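**Q** Generate coordinates for the sequence data below:
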Amino acid sequence: MILSFLKHKVTRVKDHDFIKDRFVGMGKCSAIRGWLRSFFKQFYGSVTKSDYVALRLGFIMTHCKANPKFNFHKYMIRALEDDFKKVVGISWYLWLFVVVFLLMNVNGLHVYFWISFIPFFLLLAVGTKLEHIIIQLAQEVAEKHVAIEGELVVHPSDDHFWFRRPKVVLFFIHFILFQNAFEIAFVFWIWVQYGFDSCIMGKVAYIIPRLIIGLFIQVLCSYSTLPLYALVTQMGTHFKKSIFDEHIQAKVVGWALHAKKKTAHSGGTNDSSQDGPATSTSAFKGIQLSQINQNQQS
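**A** Here you go, the predicted structure:
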């Protein structure tokens with residue numbers, strides 16, 4: 001009876017769907033195969049059910065081990081909504097990029113045609129990187145374990161991301177969508193203001209590819225890159241503040257401000273001997289809060 005139970009519980013790592021779909025072997029050739037697989041995978045079935053289940057369990061076992069019923073999907077959507085507010089915003093460096101290329105728009109250079117390739121290639125690089133992070137997580141488990149008891153658990157880490165910062169991916173997506181939106185809007189603005197045959201519009205041979213590239217970027221980013229981003233960026237070392245509900249976030253912020261004011265007030269009105277316990281308590285709370293804030297950064 002015990003042996004039959006163990007048979008069902010202990011399984012070979014490579015028999016798991018997550019490993020079978022992502023494991024590419026070891027060595028230099030396998031690394032090249034892994035990057036090639038990641039590149040093409042972003043165009044079809046970028047996130048499978050086994051990927052989601054494995055990454056969800058890895059997140060819960062790392063950050064919410066005491067709460068196995070944690071609603072990971074709700075947290076992931078809330079985190080994406082918070083990040084989307086940044087994606088639709090406009091930063092000074094994005095406008096600076098636009099101004100530089102406006103000044104470089106000299107007749108004969110076709111700057112607007114060549115600039116459209118920047119978000120195109122950058123989007124392919126981001127999608128490939130996100131897919132490769134999933135492969136790296138699968139490789140780590142496959143290399144460390146031959147067989148495993150129970151569910152397969154991956155180990156999130158910032159080491160898999162560019163510069164060990166998951167937020168770099170958000171920066172690139174922000175730039176891609178802004179630049180692509182600017183490209184498409186600029187074409188239609190010139191069309192409405194000056195007409196399709198105007199000299200400002202340029203040659204048709206350069207306009208059509210720009211519009212095709214812009215449409216391709218929008219479709220691929222919506223269909224593949226953003227869902228990949230929403231899931232894979234949760235595989236960093238730290239969780240995001242979206243792990244808390246809005247009312248809990250408000251309470252934490254309110255408590256932090258209260259503790260800060262109390263510490264400042266106590267330090268300014270009482271001497272050190274009288275305020276030893278109160279100051280120590282407030283300082284301890286401040287340290288706890290800084291640790292929570294550090295944990296919330298991705």
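
**Q** Which parts of the chain are helices?
**A** For the chain, applying DSSP state H gives helices covering 2-9, 17-22, 28-41, 49-63, 72-87, 92-103, 111-115, 117-144, 167-194, 204-220, 226-232, 246-269, 276-296.

**Q** Domain boundaries for this protein, per the record?
**A** Per the record, the chain has its domains at 2-243, 246-296, by automatic domain parsing.

**Q** Let me see the contact set for the residue nearest to Pro68 when sequence neighbours are not counted.
**A** What sits nearest to Pro68 in space, not counting adjacent residues and going by CB to CB, 6 or more residues apart in numbering, is Ile60, at 6.3 Å. (C-beta placed from N, C-alpha, C; glycine too.) Contacts for Ile60 were tallied using CB atoms under 8 Å, 6 or more residues apart in numbering; they are Asn67, Pro68, Phe70, Phe72.

**Q** tell me, how many neighbours does the second one end up with?
**A** The criterion is other CB atoms under 10 Å. On that basis, Pro68 has 9 neighbouring residues.

**Q** which of the contacts of Ile60 tops the neighbour count?
**A** Phe72 leads the contacts of Ile60 on contacts (other CB under 10 Å) with 20 neighbours.

**Q** sorry, back to before: okay, the helices of the chain in TSV with mean pLDDT next?
**A** Shown next, in TSV, are the helices of the chain (pLDDT from 0 to 100):
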stretch	mean pLDDT
helix 2-9	46
helix 17-22	76
helix 28-41	85
helix 49-63	89
helix 72-87	86
helix 92-103	80
helix 111-115	79
helix 117-144	90
helix 167-194	87
helix 204-220	87
helix 226-232	91
helix 246-269	61
helix 276-296	44
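
**Q** what does stretch 39-48 rub up against?
**A** Outside of stretch 39-48, the residues within contact range by CB under 8 Å, 6+ apart are 17, 21, 124, 127-128, 130-131, 220, 223-225, 227-228, 231.

**Q** In ChimeraX, select just the buried ones from those.
**A** Selection command for ChimeraX covering only the buried members of the contacts of stretch 39-48, criterion 16 or more other CB atoms under 10 Å:
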select :21,124,127,128,130,131,220,224,225,227,228,231
